[in-house]
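J.: give me a model of this one.
(chains A and B)
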Number of protein chains: 2
Amino acid sequence: MESAFPTAARLGLHVLLYSSLLLNALFLVHHFLSAPPAPSPLLSEANNGGALSWALRAARDAESVAAAGCSGHGRVFLDGIVGEDGRPGCECNTCFEGPDCSARTPDCTVDADSGDPMFLEPHWMRHAEASAVVVSGWHRMSYRATDGLFQSVELERCIRRLHRAVGNAVADDKQIVFATGSMQLINALVYALSPDSNSGSTANVVATTPYYPAYRTQIVLFDSREYKWAGNTSMWAKASGNSTTKEDVIEFVTSPNNPDALLHQPVVVGSSAILDHAYFWPHFTHIPAPSDADVMLFTTSKLSGHASSRFGWALIRDEKVAKRVNDYIMQNTMGASRDTQLRMLAIFKTILANLHGKEDIFAFGHDVMTAKWRKLSAVVSHSRRISLQNIPPQYCTYFDKIREPSPAYAWVKCEREEDSDCSDVLLKAKIITRSGVWNDASSRYTRISLIKSQDDFDLLLERITEFVDAELTAAGSNSM
Amino acid sequence: MESAFPTAARLGLHVLLYSSLLLNALFLVHHFLSAPPAPSPLLSEANNGGALSWALRAARDAESVAAAGCSGHGRVFLDGIVGEDGRPGCECNTCFEGPDCSARTPDCTVDADSGDPMFLEPHWMRHAEASAVVVSGWHRMSYRATDGLFQSVELERCIRRLHRAVGNAVADDKQIVFATGSMQLINALVYALSPDSNSGSTANVVATTPYYPAYRTQIVLFDSREYKWAGNTSMWAKASGNSTTKEDVIEFVTSPNNPDALLHQPVVVGSSAILDHAYFWPHFTHIPAPSDADVMLFTTSKLSGHASSRFGWALIRDEKVAKRVNDYIMQNTMGASRDTQLRMLAIFKTILANLHGKEDIFAFGHDVMTAKWRKLSAVVSHSRRISLQNIPPQYCTYFDKIREPSPAYAWVKCEREEDSDCSDVLLKAKIITRSGVWNDASSRYTRISLIKSQDDFDLLLERITEFVDAELTAAGSNSM
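T.: Down below sits the predicted model:
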């Protein structure tokens, strides 16, 4: 029996035993050392060494949804429409379709109409960890946040820090009023700058062509007794002669301008000017110096790309004007969503932490937008049928160098006499644009949005190239 | 050499080997089966067996903040003011103070003014897991959500399901328009129901005393040419005689009413009525039957207690009216924050999943509010100086039983002739209330909010008891 255990077998048994014991040891080490990475400095002891409890389910759901590829031409959202399998499905970019967005829609018309700032989405996908936020069910249910205020003190601090760091606006001597997008501030500011309802006088609201249409459409829709839309500045100057005092005028100045991307100053001397600086950030324009107007408008939509969050703010020098704006916002919506303010805090902190670094949102945005402008300009330069606005490279204080142009929109002119409806000309070439008539300008102009997704731009470039090629082919055959 | 391996040793070696192998097997089983609890059905394979990546930091931060006790008299929020230690500190309930909110502010005046629905906060703390949501940095940045819409299809489905399940409104044949709180819908609906700006006529907006003051203050502030505030219904009837046609009248009807909690119907026959059903949920009132008015208003503020989220909706029968409301909302704010819509989806799903169960939000809310009303009524019943509105127990279709009253507000009357300013009388007793003059009613009435936190109510009850005791003591000494 004893010899039934030969030396070789004994040796094998020893190897097996020691291997097994070693494996035990390794498992033990693995078991006790493989806890998740250390928590952020803010918080530690509360987590029992890193294990999550109530936030785990929401975190898992979000990560699972984020992991869906949708072929790079779409994405799944937590609140997407739930299919038969109980999961939300892919939402595809325009001109892509199928369950995983992998199919190109044949013969698709590209949509370059909306100012939807999707070009910044890849930046936030890359900064998923820093920009994510967990909203608990009991987070800030009260109307009033810290110190009884309706707007977040920490977010206001971040906004002031950002203006200082970017150098695009003097915020230190201004009041900040939050709003549900800068859209809400258009009418709120006109209300605040208009004469009192008891005065019997009416303010004239104007803007210089080509202007952002919401100034006109809001004033017309709200149709208040204290102010009225008085048309564009040249119409107003003609109509008013010397009869209207300049104090009655509220002038909207978009700088850089939507649609043509040029920097502007007020033209009506002595008016109350509202400087709409939605696009006054280094990814869209050079920053020559900080703006220091009495009333300025900003929005996250064009800063960080979060159009859907509906968050904007005004910088206002005069305390009484700021109070009137605030009264309006309170009556209208009781402030901006505090859920959104929490999310924006994470977004602003991430932007601030990366300024001038490798992951600077403005450097990223500028790179994307310059590349688009360069490619579009190169194609259009071959055309004599359409032309783009001219934007020279200019020195930018933020980047401390001469920068290439990177406008949010191309302001296209149709040069041929018969092409009097430029947006229609491009629509026939399967490109949806926004006609200049919206901007109170000639229909000979139309706006092409460049701030949508890369898919949208790639397809746009395809269509524009086809359009210019057709022109060149026709010119070639004519000259034969 | 062979005998060097005795039987006992061999046996021991075998035992050790098999034990070790067994232990390995156990470790392996443990390793592969001890993954965290199965993820929600929505999502699974994406999570690599449960390990989190980018969402972990945000989840940890949220749980750490949630773990702060603040002595049960306050809480820490993620976006609270950051102290010197780099962490946000406790935000204390009114009349509590100190770094952990453990100290009672001596001789504190209780604030029963605001309709801040904090009584539902404990419900959401208990449902932390189901109601939490992770918002990724790249979540829905676009203006447009699923199907190009500005409002979430899934959230709309939940809202319709909730109305059906609660039986408080017929939603199936109505359009739903989302807004930044029901506040925004007040003026939006008046705009939509007013005559066209070209018609030259002006709508008269009215409400019956005592009414919610925002109807008046909004109409006066926005001061549109198409409509005007025409005072309360009895003033309007007196002033108009037979000269104004009923079609010119837009009547706000709050039911149950704020401040007095009674169910109401329109009083101006033939008017366009707006039924404000902010409080028409089973925690505040019995539900006799589903409301089926042409235009109805709801808000999460008073349904789930999320006042800060600024989310409300209108149910509208007529498609043209709904379109006009939507046009207004788009011009005003381009819809309601999509961040908030995502959060509300989690909140609504949690409510729906628990209806009629042990964790029904309405059962919880009704229990809390009935207890408050019973205690307050008991104290006030001893007083001849102040009285409360009378609300009988009534049959509720939702609970399918006779339910005790649970109003959001006490509508207090001061009975003594000299107490003509009732809010001032109570202020002297260190209770801040909202004078009836805000509701266009007599200053002999004042509103006490019962929907704030339990701390606020406990202190209120203390102050009211002191007030009634003082009256009884004085009466006792007078009768001696």
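
J.: now the spatially most central residue of chain A. Nearest residue, chain neighbours left out?
T.: With distances taken as C-alpha atoms, centre = their mean, residue A:305 lies nearest the centre of chain A, 2.0 Å away. Leaving aside its sequence neighbours, residue A:305 sits nearest to residue A:120 (C-beta to C-beta, 6 or more residues apart in numbering or on different chains; 3.1 Å). Every residue, glycine included, has its C-beta placed from N, CA and C.

J.: so that neighbour sits against residue A:365, correct?
T.: Yes - judged on C-beta atoms under 8 Å, residue A:120 makes contact with residue A:365 at a distance of 6.1 Å.

J.: ok, now which ones touch the residue nearest to residue A:305?
T.: Residue A:120 makes contact with A:304, A:305, A:361, A:364, A:365, B:141 under the criterion C-beta atoms under 8 Å, 6 or more residues apart in numbering or on different chains.

J.: try residue A:125
T.: By C-beta under 8 Å, 6+ apart, the neighbours of residue A:125 are B:137, B:138.

J.: tell me which element it is part of?
T.: helix A:121-126 (DSSP states H and E).

J.: least confident secondary structure element in chain A?
T.: Lowest by mean pLDDT, DSSP states H and E among the helices and strands of chain A is helix A:7-33, with a mean of 48.

J.: excluding its backbone neighbours, what's nearest whichever residue of the stretch 151-300 of chain A sits closest to chain B?
T.: When distances are taken as C-beta to the nearest C-beta, the stretch 151-300 of chain A reaches nearest to chain B at residue A:180, 4.1 Å away. Using C-beta to C-beta, 6+ apart and skipping the chain neighbours, the partner closest in space to residue A:180 is residue B:333 (4.1 Å).

J.: got phi/psi on the one you found?
T.: phi -140, psi 10 (degrees, to the nearest 10).

J.: looking at it, it is touching residue A:310, isn't it?
T.: Yes - counting by C-beta under 8 Å, residue A:310 is a contact partner of residue B:333 at 5.8 Å.

J.: and for the two, which residues touch both?
T.: Joint contacts of residue B:333 and residue A:310 (C-beta under 8 Å, 6+ apart) are A:180, A:181, A:183, B:180.

J.: what about the stretch 1-150 of chain A, any weak spots by pLDDT?
T.: A:1-50 (pLDDT under 70).

J.: how many residues are close by the residue nearest to residue A:355 when sequence neighbours are not counted?
T.: Leaving aside its sequence neighbours, residue A:355 sits nearest to residue A:165 (C-beta to C-beta, 6+ apart; 5.4 Å). Residue neighbour count, defined by other C-beta atoms under 10 Å in any protein chain shown, stands at 13 for residue A:165.

J.: ok, residues contacting the helix or strand that contains residue A:165?
T.: Using DSSP H and E, residue A:165 sits in helix A:153-166. With contact meaning C-beta under 8 Å, 6+ apart, helix A:153-166 is reached by A:145-147, A:169-172, A:176, A:178, A:281-282, A:287, A:290, A:313, A:315, A:341, A:344-345, A:348-349, A:351-352, A:355, A:362, A:398, B:79-82, B:88.

J.: on that earlier part again, hmm, which two among the contacts of residue A:120 are most spread apart?
T.: Of all pairs drawn from the contacts of residue A:120, the greatest distance, 14.4 Å, lies between A:364 and B:141 (C-beta to C-beta).

J.: wait, what's in contact with residue A:279?
T.: A:254, A:256, A:258, A:261, A:285, A:302, A:408.

J.: and it, that one's in a strand?
T.: No - checked against DSSP: H, G, I helix; E, B strand; the rest coil, residue A:279 lies outside a strand; its state is coil.

J.: for it, give me phi and psi.
T.: phi -100, psi 10.

J.: nearest to residue A:248, out of the shared contacts of residue B:333 and residue A:310: which one, please.
T.: Using C-beta to C-beta, these come closest to residue A:248 at residue A:183, 24.5 Å.

J.: I'd say that closest one and residue B:334 touch.
T.: Yes - with contact defined as C-beta under 8 Å, residue A:183 reaches residue B:334; the gap is 5.3 Å.

J.: and for those two, which residues touch both?
T.: residue A:310.

J.: all helices of the stretch 251-400 of chain A, in order?
T.: A:300-303, A:319-333, A:338-354, A:361-380 (DSSP state H, counting those that start in this stretch).

J.: sorry, slip of the keys, the one I care about is the stretch 101-250 of chain A.
T.: A:121-126, A:128-131, A:153-166, A:181-193, A:214-222, A:233-240.

J.: looking at those, which is buried most?
T.: Mean neighbour count (mean count of other C-beta atoms under 10 Å in any protein chain shown) peaks for helix A:181-193 among the helices of the stretch 101-250 of chain A, with a mean of 25.

J.: between helix B:214-222 and it, find me the angle.
T.: Helix A:181-193 and helix B:214-222 are oriented at 70 degrees to each other (axes from the mean of the first three to the mean of the last three C-alpha atoms, to 10 degrees).

J.: pLDDT of helix A:181-193, averaged?
T.: The average pLDDT for helix A:181-193 rounds to 98.

J.: the inter-axis angle of that helix versus helix A:319-333?
T.: Inter-element angle recorded for helix A:181-193 and helix A:319-333: 120 degrees (by the same axes, to 10 degrees).

J.: list buried residues within the contacts of helix A:153-166.
T.: Neighbour counting by 16 or more other C-beta atoms under 10 Å in any protein chain shown classes A:145-146, A:169-171, A:176, A:178, A:281-282, A:287, A:313, A:315, A:341, A:344-345, A:348-349, A:351, A:355, A:362, A:398, B:79-80, B:88 among those as buried.

J.: re earlier: now do the contacts for the residue of the stretch 151-300 of chain A closest to chain B.
T.: Applying C-beta under 8 Å, 6+ apart, the residues near residue A:180 are A:310-312, A:329, A:333, A:336-337, B:180, B:310, B:332-333, B:336-337.

J.: ok, now residue A:361?
T.: Contacts of residue A:361 (C-beta under 8 Å, 6+ apart): A:120, A:123, A:283, A:304, A:351, A:354.

J.: rewinding a little: which of residue B:333 and residue A:310 has more residues huddled nearby?
T.: It is residue A:310, of residue B:333 and residue A:310, that has more neighbours when counted by other C-beta under 10 Å, with 31 against 26.

J.: brilliant, that's me finished.
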